[in-house]
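Undergrad: Show me the folded form of this:
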Amino acid sequence: MGSRSAAKAWRRSEQQRLRNRAQRSTAKTSVHRAELSLDSADPQASAEPVRIAISALDRAAQKGALHPKSVARRKARLMKKHSTVLATAIV
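TA: Okay, the predicted model is just below:
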């Protein structure tokens, strides 16, 4: 391998890759759970999973695991689904 600094950079990038992977996985899982709750019969019960998903997405963007604009797009789509589910439940 190269120099000691190159080895250290490789180790750090590997740690960061694993950390980012965990953040992205958590965000995707929470979004998936929120979408499943939106498909369920009770629209009021979907508020908490949606809130958790938005929080996980914001956390991933803040830590640099996901791009902020892609997080904004995912949040907008999730909130659009949430508001349509609530609107159809009220009517």
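Undergrad: Report the buried residues of whichever helix in the chain runs longest.
TA: Taking DSSP state H as the criterion, the chain has its longest helix at helix 4-39. Using 16 or more other Cβ atoms under 10 Å as the test for burial, helix 4-39 gives 23, 26-28, 30-31, 33-35, 37-38. No exception for glycine: its C-beta is placed from N, CA and C like everyone else's.
Undergrad: and that helix, what does it pack onto?
TA: helix 47-62, helix 68-90 (3 or more Cβ pairs under 8 Å, 6 or more residues apart in numbering; DSSP states H and E).
Undergrad: Tell me how far the spatially most central residue of the chain lies from H67.
TA: Centroid-nearest residue in the chain, with Cα atoms, centre = their mean: A27, separated by 2.6 Å. Computed as Cβ to Cβ, to the nearest Å, the A27 to H67 distance reads 12 Å.
Undergrad: try W10
TA: W10 is 24 Å from H67, by Cβ to Cβ.
Undergrad: sorry, back to before: just the helices and strands packed on helix 4-39: most buried one?
TA: Among those, ranked by average contacts under mean count of other Cβ atoms under 10 Å, first place goes to helix 47-62 (a mean of 18).
Undergrad: now that one: mean pLDDT?
TA: Across helix 47-62, the average pLDDT comes to 97.
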